[in-house]
Structures are given as C-alpha cells and as structure tokens.
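J.: Below: sequence and its predicted model.
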Amino acid sequence: MPTDSSCRCLSALILVFCSFAFSAHASTDYSHPFSDSTVTHKIDSAAIAKLDWLKPDLRVDMVTYAQEFLGIHYRYAGRAPQTGFDCSGFTHFVMRNFDVDISTSSRAQIADGKKIDLKLVKPGDLIFFRRSSRSRISHVAMVFSNDENGLRVIHSTSRGVVIDDLMKSKYWRPKIYAARDVLHQFTDDYAHRQIELFLEQSKKLQEMNVDLALLAKGIHF
C-alpha cells in the first residue's frame, strides 16, 4: 500500500519520467514505452542515473514525514497524533509508516538495529538517553540532521514533538547513552518500491491517454 511519502515524491518522479519517456519514445518504434520490460528498465535506469538527487531516500523522506507532527502534545503511552505521543510511541509511529518494524518501547528499541558511533549518525537513526549511568533507558529520539549546523533530533518531550540540538542542550547532552541504526536493512528496498510505484502510476497515466507533457507543465514545486 502506498505511504504518505510515496504520494509526496510521485509528482517529482512524474516530471522526471516525462522528459525520459518522451525521449525514449522518439528514439524507438514502440507506441507504448511501457509495453516492453526492457524499455521500462532503460527508462528507469537512465532517469535515476542522470538525476540521482531524485532517487527516493528513506532517511530523507522519514524525517520529512516526522516533521509534519511538530507541536503534537505529549501523552504517556501515546502512539498516534490524534491522542499525542510519548517518545517511543512517536518513533514507532513514524517508522511504521515506512514499513520499518521496531519495538514499541524505548527500552526494547535499544536492541533494534545495530550500534553506531554518535558522530556517524544519520537522519532516521535513533539516540537513547539515561538519567544516570546506572539507570535504565528513559528516552529515545530520532536524528533529524547531523552536519556542521549541529546534531539535531526530533522527539516527543514534555513540550510535545520538537526539534533540539543535542550538543547545545544542557539537559539532553549529559544523558546521551547510545545510538542505533535501524534503517540499514530497509533503504535499498524502499528506493526500489518507490521506483516501482512511479512506473506503475506512469503506465496507468499512459493507458488513460494522459498527455504527460501537459501534466508536467502543471506541476509546481
């Protein structure tokens, strides 16, 4: 089933398809570019290779989706925007939208994925916190960005869903315990599924005799 992220990137992918589909059509005798699997593969490969920045990225799409819930209030054991989120309820909800299966509590999520050095975390990775060196996991946050501007996380706190810079936070920085990469097994499959969805939708448009050139002109970014 298509996710919200699938719909968000579909218009951009249609625009890419338009330019490549018509160039492929002009250089072949096929009346329907998608009537042959080889042609489909060539269009797909050419589009992705030439415009790599449009390749579906699970990590980027995930934090973009997570950002839509900024301001949602905190609720203990909350697992949906309608009720509010606790910390692990938020990470679980976001991951589930992308078919990434993780545990439902922060103390269990610490065992998901693989351990990663804090300096190497990427968007979508999880960072765990403890109140003291002897206490159990008390909080989990999702990495939003890690670059020259700082290490920012998006998480559900007593202030609701917010974005914080961990290295500038006197409250959160001392409590950092570990980081986990739970997405490394899903990124390639996600990109493949999004491309397949794009090809399926493009084929349907052609079967409906939709003028893709006119459609592309109507897409605004």
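T.: The structure has been received and is ready for your questions.
J.: for the protein, what spans make up the strands?
T.: Assigned by DSSP state E, the chain shows strands spanning 79-80, 84-85, 114-115, 126-130, 137-147, 150-157, 160-165, 176-181.
J.: could I get these as JSON lines with mean neighbour count?
T.: Heads up, the C-betas are built off the backbone N, CA and C, glycines and all. Below are those laid out as JSON lines (neighbours: other CB atoms under 10 Å):
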{"stretch": "strand 79-80", "mean neighbour count": "14"}
{"stretch": "strand 84-85", "mean neighbour count": "23"}
{"stretch": "strand 114-115", "mean neighbour count": "10"}
{"stretch": "strand 126-130", "mean neighbour count": "22"}
{"stretch": "strand 137-147", "mean neighbour count": "20"}
{"stretch": "strand 150-157", "mean neighbour count": "22"}
{"stretch": "strand 160-165", "mean neighbour count": "18"}
{"stretch": "strand 176-181", "mean neighbour count": "19"}
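J.: Among those strands, which comes closest to residue 204?
T.: Between residue 204 and those, the tightest spacing by CB to CB is seen for strand 79-80, at 31.6 Å.
J.: I'd like to know which of the strands of the chain is closest to residue 68.
T.: Minimum separation from residue 68 across those (CB to CB) falls at strand 160-165, 9.5 Å.
J.: ok, and what's touching that closest one?
T.: 67, 69-74, 84-85, 90, 141, 144, 150-155, 157, 172 (CB atoms under 8 Å, 6 or more residues apart in numbering).
J.: again, only using 7 Å
T.: Contact with strand 160-165 is made by 69-74, 85, 90, 144, 150-154, 172, as judged by CB atoms under 7 Å, 6 or more residues apart in numbering.
J.: just to revisit the earlier point, the strands of the chain: which one's closest to residue 63?
T.: Distance to residue 63, taken as CB to CB, is lowest for strand 137-147 among the strands of the chain, at 5.3 Å.
J.: pLDDT on that closest one, on average?
T.: In this model, strand 137-147 has a mean pLDDT of 97.
J.: mind listing what it pairs with, with the direction of each?
T.: Note on strand 137-147: by DSSP bridges, its sheet partners are strand 126-130 (antiparallel), strand 150-157 (antiparallel).
J.: okay, the angle between it and strand 176-181?
T.: Calculated by axes from the mean of the first three to the mean of the last three CA atoms, to 10 degrees, strand 137-147 forms an angle of 60 degrees with strand 176-181.
J.: re earlier: adding distance to residue 103, write the strands of the chain out as TSV.
T.: Below are the strands of the chain laid out as TSV (distance: least, CB to CB, whole Å):
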stretch	distance to residue 103
strand 79-80	12
strand 84-85	15
strand 114-115	15
strand 126-130	11
strand 137-147	10
strand 150-157	16
strand 160-165	20
strand 176-181	11
